[in-house]
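Asks: kindly return the folded structure for what I paste below:
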Amino acid sequence: ILDRLIAQRLDCAFHTPNGLHAREITSTLARKMYSAHFQTIRLSFESASPDRQREMGTKVTNTELEAAIEHLKRAGFRGKDLAIYLMLGLPGQSLQEVIESIVFVARCGVKIKMALFSPIPGTREWERAVYEYGFDAHADPLLHNNTLHPFQSENMPEEAFEQVAGLVKLINHGVDMGINLFGDSMVAQAIWRAVERM
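Replies: You can find the predicted model right below:
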């Protein structure tokens, strides 16, 4: 399909808002996506925690995500063209796990998109969510999607959700400005040296 799009030289841009599978992004595919005028790339990831990845079926590992990002950047995409979906509010998920996932993705020099956990009835995660969050197992699924988020626990109080959103906004603004707050730049190193001295 990409070969045909490239050959046709269509005057249009492509976007991937629903999240591509990072494991499938090879250097060849990344180059073809860039040549076919893909402009914004979203990759699904969920969590940087190896334990969580194993628990959820190891859809994408940290190494596979890093490789996909490297392929895309070498093809010509910039950090601000790339965003990674991370999950927030998973059953048993700690604030520490969320922050470690955010820092892992931020170090890659790309944007972060937080996705709120929304369980699907009949799945193992649904059963865990009923137990962890105590909501009605027979309630309409629309009552627990991203429009209404009742998932609070000792691990993740409401104020943490708001603070995480603020942190992600700050990191993403840095990426837009070409500043990786967790990278190897002189500015990033100076920031962290200043933090350590305080």
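
Asks: can you classify Thr63 by secondary structure?
Replies: Using DSSP: H, G, I helix; E, B strand; the rest coil, the structure places Thr63 in helix.

Asks: distance of it relative to Glu70?
Replies: Thr63 sits 11 Å away from Glu70, going by CB to CB, to the nearest Å. Every C-beta, even on glycine, is put in place using the N, C-alpha and C of the backbone.

Asks: out of these two, which sits in the busier spot?
Replies: Remark: of Thr63 and Glu70, Glu70 carries more neighbours, 14 against 8, as counted by other CB atoms under 10 Å.

Asks: in what helix or strand does the more buried one lie?
Replies: Using DSSP states H and E, Glu70 sits in helix 62-75.

Asks: same question for Pro17.
Replies: Assessed by DSSP H and E, Pro17 sits inside strand 14-21.

Asks: what residues of that strand count as buried?
Replies: 19-20 (16 or more other CB atoms under 10 Å).

Asks: by contact count, what packs against it?
Replies: Packed against strand 14-21 by the contact rule (3 or more CB pairs under 8 Å, 6 or more residues apart in numbering; DSSP states H and E) you find strand 38-46.

Asks: longest helix anywhere in the protein?
Replies: Counting by DSSP state H, the longest helix found in the chain is helix 158-176.

Asks: so what's the most centrally placed residue in the chain up against?
Replies: Compute the mean C-alpha point of the chain, and by CA atoms, centre = their mean the closest residue is Tyr85, 2.3 Å away. By CB atoms under 8 Å, 6 or more residues apart in numbering, Tyr85 lies in contact with 19, 42-46, 113-115.
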